[in-house]
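Visitor: Sharing a model prediction with you, sequence too.
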Amino acid sequence: QKEVEQDPGPLSVPEGAIVSLNCTYSNSAFQYFMWYRQYSRKGPELLMYTYSSGNKEDGRFTAQVDKSSKYISLFIRDSQPSDSATYLCAMTNSGGYQKVTFGTGTKLQVIP
Amino acid sequence: GAVVSQHPSWVICKSGTSVKIECRSLDFQATTMFWYRQFPKQSLMLMATSNEGSKATYEQGVEKDKFLINHASLTLSTLTVTSAHPEDSSFYICSAEGTSGRNNEQFFGPGTRLTVL
């Protein structure tokens, strides 16, 4: 079993839709949770960074972490064609330098 | 701020040759840099962790004699793929640990696409 599971998609939605992206994980020691966006043939860029359980909102993006269920989500409101990319979840243990474990990424396509 | 560059962005080489990829943090100092490899439709796989002034730490299954990493300064790390073969063709991405104070925040370079003929 992989430490982090993420549906690879692809996920196609119409412009303006609410998008829900999810990851599950098995390591209960994970404390820091990130979402990265990666356009084709580019390096990932950090979208959201959260610590422990709870919600965090930044513009059209909302990240949720439920540590009891080992489940994290990224919601995108009013999705735009420019949101079309691969979204990677990532997580790590607490404190100092730790190896970051990535999900496989979900490919999202927002259709105009 | 927190910009990481990679050079070259794209390289094609013949089998058996060596290729060097540079990773630079442009506006911050990075004591720790990471090298990842990403195959099509797969996630980033950590190859090694590079600390300035010391030997790199390689992940299990990564040949340290094949993938030479040098972190000569706080802003530069290099990955040399020695005696490259077609199976080494991949997207190589580096990242640098940020100085924002947030644990484990990494800033990624744009990646280098290596094609070995």
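Guide: Looks like it arrived, so ask away.
Visitor: What ranges does the chain have for its strands?
Guide: If you meant another chain, say so; for now it's chain A. Under the criterion DSSP state E, strands of chain A are mapped to A:4-6, A:11-14, A:19-25, A:32-38, A:45-51, A:54-58, A:61-66, A:71-76, A:85-92, A:101-102, A:106-111.
Visitor: The intended chain is chain B.
Guide: For chain B, the strands defined by DSSP E occupy B:4-7, B:10-13, B:19-25, B:32-38, B:45-51, B:57-58, B:67-73, B:76-81, B:90-97, B:106-108, B:112-116.
Visitor: Please name whichever of those is nearest to A:F61.
Guide: Smallest distance to A:F61 across these (Cβ to Cβ): 18.0 Å, for strand B:106-108. (C-beta placed from N, C-alpha, C; glycine too.)
Visitor: contacts for the closest one?
Guide: With Cβ atoms under 8 Å, 6 or more residues apart in numbering or on different chains as the test, strand B:106-108 has contacts from A:36, A:43-46, A:100, B:2-4, B:25, B:34, B:93-98.
Visitor: out of these, which are buried?
Guide: Buried by 16 or more other Cβ atoms under 10 Å in any protein chain shown: A:36, A:43-44, A:46, A:100, B:2, B:4, B:25, B:34, B:93-98, out of the contacts of strand B:106-108.
Visitor: Find the closest residue to chain A in chain B.
Guide: Nearest to chain A, among the residues of chain B, is B:F108, at 3.8 Å (Cβ to the nearest Cβ).
Visitor: That residue: neighbouring residues, count only.
Guide: By other Cβ atoms under 10 Å in any protein chain shown, 22 other residues sit near B:F108.
Visitor: try A:Q6
Guide: Using other Cβ under 10 Å, A:Q6 has 22 other residues around it.
Visitor: My read is that B:S9 contacts B:G109, right?
Guide: No: counting by Cβ atoms under 8 Å, B:S9 does not reach B:G109; the two are 9.3 Å apart.
Visitor: OK, contacts around the closest residue to chain B within chain A?
Guide: Going by Cβ to the nearest Cβ, chain B is nearest to A:G43 of chain A, at 3.8 Å. Neighbouring residues of A:G43 by Cβ under 8 Å, 6+ apart: B:V4, B:Q6, B:I93, B:S95, B:F108, B:G109, B:P110, B:G111.
Visitor: got the residues of chain B near chain A?
Guide: B:4, B:6, B:32, B:34, B:41-44, B:46, B:49, B:91, B:93, B:95, B:97, B:102-111, B:113 (Cβ under 8 Å from any Cβ of the partner chain).
Visitor: Buried ones among those residues?
Guide: By 16+ other Cβ under 10 Å, the residues of chain B next to chain A give B:4, B:6, B:32, B:34, B:43-44, B:46, B:49, B:91, B:93, B:95, B:97, B:103-111, B:113 as buried.
Visitor: Run a quick check on B:M45 versus B:F34, I expect a contact.
Guide: No: with contacts counted by Cβ under 8 Å, B:M45 stays clear of B:F34, the gap being 10.9 Å.
Visitor: Tell me what B:M45 is bridged to.
Guide: Counting by DSSP bridges, B:M45 is bridged to B:R37.
Visitor: Ok, the one 5 residues further on next?
Guide: Taking DSSP bridges as the rule, B:S50 bridges to B:M33.
Visitor: can you tell me how far it sits from B:G111?
Guide: From B:S50 across to B:G111, the span is 16 Å (Cβ to Cβ, to the nearest Å).
Visitor: The lowest-mean-pLDDT helix or strand in chain B: partners in the sheet, and parallel or antiparallel?
Guide: Across the helices and strands of chain B, mean confidence by mean pLDDT, DSSP states H and E is lowest for strand B:106-108: a mean of 86. Applying DSSP bridges, strand B:106-108 is found paired with strand B:90-97 (antiparallel).
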